[in-house]
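Engineer: Show me the folded form of this:
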Amino acid sequence: MPVTSTLEGDGARLGAPHGTSRPGVLVRYPELLRFTAEVFADRGLPAARARTAAEALCYGDLTGLTSHGLVNLTRLHLPLLDERRADPLAEPERLTDLGAAVLLDDRRALGLWAAPAAMDLAVERAATHGIGLVSVRGATHLGCAGFHTLRAARRGMIGLLAANCGRQRIARPPGGRPAMLGTNPLSVAAPAGGRLHPFVLDMSTTAVPTGRVRAAARAGQRIPEGWVADQDGAPVTDPAAFDRGEAHLLWLGSRPETGAFKGYGLGLVVEVLGALLAGAGLGPAQQALAGDGGPTGRDDDIGYLTLAVAPGALRDGAEFAAQATGLFGSLLDCPPVDPTRPVSYPGHPEGELAARQLISGVHLSPARFQELTELAADSGLTAPRPIGGAA
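Structural biologist: Have a look, this model is predicted:
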């Protein structure tokens, strides 16, 4: 029989007690990676790109960010390829190259491998110039933004990624009726020095990403007030109302009096850095003004910015690393209010969970494991083998 998992995932993030036993299946990470890469290769991606795409997608489940993990394989990424909205063989085109700054057209390449390639190019240029900036248009969904910025942090650099949602409109300007902007994710990663897990901030500029709302709907759970609201601004706690078109996402801060203009402003920062700079599809557009407030448009022609900064080019690298250790180590040593909930920083809990799951196996819900098993049968591939299951 497959081993039952007690690791965290969507349930923990939606309010389940830490470490609560939940029914599920454990799969070795290499096995999960093998299968996911084979699925992408079966859809026409060259082997190296399929492997990178698999790493980017499995990163969500490995680190507990399951709303952006394998749940999106059949719901998002495979439909992109099957509908030819993403081109498995696309070659990003370099439109401008100034050394430290590059403009690319991804030409509908699958974002799960193209965004890591853009970040690697930014890191390469930062190694030469101290800073590397790669602005991209014509992109498709990127998955977890933190996967991409972490690539810079693991090479001793500071990484930033800002991505809009193309022409998809999900959130309304404060006081506005039609939806005009996407969730517009922003990520920053940096080495934490020593053996500490890197700092990785990976956030939507809305109160939560759509994946969190849909995860709650799948789990049959209510959501907190402040995530979504109806057309008149009243709080909604039924997550299914979002996909029924009866609710819209709120910005970070939720309401104007509690800071929603800050989230809205950050969303516009991402729109400017990610899409306006690159010449990608913009959320705000005149055609959006005729909307009734519900989500509109598609996430085509996404724009994003990858930025890498090499601290060692500006100051002594060893001193930077030592100071980083002091910064993030001090946060971990901060006396907590609740001894059962130690102080942390973005990236540390995810790093700890990833380290555990690399040893014990990656937790998959029964529904997710069944979905992958059915996908394997439909594709003629070997399904991922659970720990303790039949080989």
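Engineer: Could you use CA atoms for every contact and neighbour count after this?
Structural biologist: OK.
Engineer: Look up phi and psi at residue 186.
Structural biologist: phi -140, psi 130 (degrees, to the nearest 10).
Engineer: SS state for the closest residue to it other than its chain neighbours?
Structural biologist: Leaving aside its chain neighbours, residue 186 sits nearest to residue 162 (4.7 Å; criterion: C-alpha to C-alpha, 6 or more residues apart in numbering). With DSSP: H, G, I helix; E, B strand; the rest coil as the basis, residue 162 sits in strand.
Engineer: Name whatever forms a beta bridge with residue 162.
Structural biologist: With DSSP bridges applied, residue 162 shows beta-bridge pairing to residue 186, residue 305.
Engineer: ok, residue 253 touching residue 265?
Structural biologist: No - under the criterion of C-alpha atoms under 8 Å, residue 253 makes no contact with residue 265, lying 11.1 Å away.
Engineer: Out of these two, name the residue with the larger neighbour count.
Structural biologist: residue 253 (19 against 15; other C-alpha atoms under 10 Å).
Engineer: what residues are up against the more buried one?
Structural biologist: 207, 226, 259, 260, 261, 262, 263 (C-alpha atoms under 8 Å, 6 or more residues apart in numbering).
Engineer: Mind checking which of those residues are buried?
Structural biologist: 207, 226, 260, 261, 262, 263 (16 or more other C-alpha atoms under 10 Å).
Engineer: the bottom helix or strand of the chain by mean pLDDT?
Structural biologist: helix 10-13 (a mean of 36; mean pLDDT, DSSP states H and E).
Engineer: so what pLDDT did residue 194 get?
Structural biologist: Looking at residue 194, its pLDDT is 88.
Engineer: and it, how many residues sit next to it?
Structural biologist: Around residue 194 there are 13 residues (other C-alpha under 10 Å).
Engineer: close enough to count as contact, it and residue 321?
Structural biologist: Yes - in this structure, residue 194 is within contact of residue 321 by C-alpha under 8 Å, at 7.2 Å.
Engineer: And the strands in the stretch 1-150 of the chain?
Structural biologist: Along the stretch 1-150 of the chain, the stretches classed as strands by DSSP state E, counting those that start in this stretch are 25-27, 93-97, 101-105, 131-139.
Engineer: Pull the contacting residues for the closest residue to residue 81 other than its chain neighbours.
Structural biologist: Residue nearest to residue 81 in three dimensions, not counting chain neighbours: residue 87, with 6.4 Å by C-alpha to C-alpha, 6+ apart. Residues counted as contacts of residue 87 (C-alpha under 8 Å, 6+ apart) are 81, 107, 108, 109, 110.
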